[in-house]
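**Q** Predicted coordinates and the sequence they were generated for:
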Amino acid sequence: MSVSLDIRLKRANKVYHEGERLSGVLVISTRDALQHQGVSLSLEGLVNLQLSSKSVGVFEAFYNSVKPIQLVSSNMEVVKPGKVPAGKTEIPFEFPLQAKGSKVLYETYHGVFVNIQYTLRCDMRRPLLAKDLSKSCEFMLHSQSVFQPQKPKLSPSPVEFNITPETLQNVKERTSLPKFLIKGHLDATNCAITRPLTGELVVERSEVAIKSIELQLVRVETCGCAEGYARDATEIQNIQIAEGDVCHGLSIPIYMVFPRLFTCPTLETTNFKVEFEVNIVIVLHDDHLITENFPLKLVRV
């Protein structure tokens with residue numbers, strides 16, 4: 001017997017906010033009439049935390065004290081036990097999106113050590129010997145709640161930078177470095193997540209030919225409990241903004257879009273933090289790497 005389940009949300013982009021209603025239809029397609037023991041829908045929002053391999057063993061208490069954090073959980077029976085007719089059956093549903101108790105619905109975020117995910121799952125229980133059916137669907141939650149219509153104020157914070165051998169940190173033999181001067185600015189380090197990071201960079205002089213100039217977006221995830229915290233930085237994306245030995249004195253635009261799912265508004269809670277940084281990386285022809293780091297604060301406006 002051919003049978004399938006599908007969850008179709010009303011919004012094509014699957015983006016919702018706290019306080020709204022998650023609505024759509026459940027589609028059951030079957031070639032023949034189908035006996036079942038009931039169809040249910042469950043909504044769940046979870047924060048999953050894990051430690052990097054370098055921190056395993058250091059924070060054994062972490063494993064015992066931090067379980068997945070449940071933000072929202074709701075169940076409903078959509079169809080009572082009975083029969084579904086042959087063909088396509090559409091069953092409408094609606095869930096309120098409200099956090100449990102005093103909890104907050106954080107924005108959807110797919111990280112390495114922190115994951116914030118919202119899923120809708122449909123289960124159809126079948127009689128003996130017939131396999132139960134299930135279907136899951138992830139939807140996105142954005143942090144601007146209908147309960148908090150006031151938008152956070154975003155004041156631009158331009159940052160000027162000059163990169164020379166003297167400004168570099170973690171360098172043992174500064175005298176062996178070639179001479180260079182790279183100037184520029186970022187238009188803001190307080191960034192709206194829906195707008196690109198912009199600025200410009202100028203290579204004023206460099207004794208060694210430049211191979212490449214790159215923008216590296218980094219996530220800094222902190223997990224832990226009272227016994228200790230593990231902080232790990234990992235790359236989200238790397239964009240090349242210049243290749244080869246660029247003309248000196250020429251303005252090179254800095255432009256980077258924040259990727260959906262892999263970034264979220266900067267977040268700080270008791271058990272975890274999600275922060276972001278951008279690195280300007282200049283690769284010289286002798287494969288020396290020059291890196292300038294800028295912490296970012298992301299907000300949704």
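**A** Received it, and whenever you're ready, just let me know what you need. Residues are numbered from 1 along each chain as shown.
**Q** just checking, next helix/strand downstream of the helix or strand of the chain with the lowest mean pLDDT?
**A** Ranking every helix and strand in the chain by mean pLDDT, DSSP states H and E puts helix 60-65 at the bottom, with a mean of 56. Using DSSP states H and E, the next helix or strand after helix 60-65 towards the C-terminus is strand 69-79.
**Q** Pairing partners for that following strand, with directions?
**A** Take DSSP bridges as the rule and strand 69-79 pairs in its sheet with strand 39-49 (antiparallel).
**Q** what does the partner strand rub up against?
**A** 22, 26, 28, 66, 68-79, 91, 93, 95, 99, 105-106, 113-125, 141, 223, 271-272 (Cβ atoms under 8 Å, 6 or more residues apart in numbering). C-betas here are computed from N, CA, C, even on glycine.
**Q** Flag every buried residue along that strand.
**A** 39, 41-47, 49 (16 or more other Cβ atoms under 10 Å).
**Q** Relative to residue 29, how far out is the closest residue to residue 27 other than its chain neighbours?
**A** If the residues on either side of it in the chain are set aside, residue 27 comes closest to residue 6, at 4.3 Å by Cβ to Cβ, 6 or more residues apart in numbering. Distance, residue 6 to residue 29, using Cβ to Cβ, to the nearest Å: 7 Å.
**Q** Then residue 116?
**A** 32 Å.
**Q** low-confidence ranges in the stretch 51-200 of the chain?
**A** Counting by pLDDT under 70, the stretch 51-200 of the chain has low-confidence residues at 53-66, 144-153, 172-175.
**Q** if you set the cut-off to 90 instead, what comes out?
**A** Residue ranges of the stretch 51-200 of the chain with pLDDT under 90: 51-69, 98-104, 127-131, 143-158, 165-179.
**Q** show me where it has strands.
**A** Remark: strands assigned in the stretch 51-200 of the chain by DSSP state E, counting those that start in this stretch are 69-79, 82-84, 87-96, 109-110, 114-124, 133-142, 159-163, 180-186, 190-192, 197-206.
**Q** Any buried residues in the first one, and which?
**A** Burial within strand 69-79, assessed by neighbour count using 16+ other Cβ under 10 Å, is assigned to 69, 71-72, 74, 78-79.
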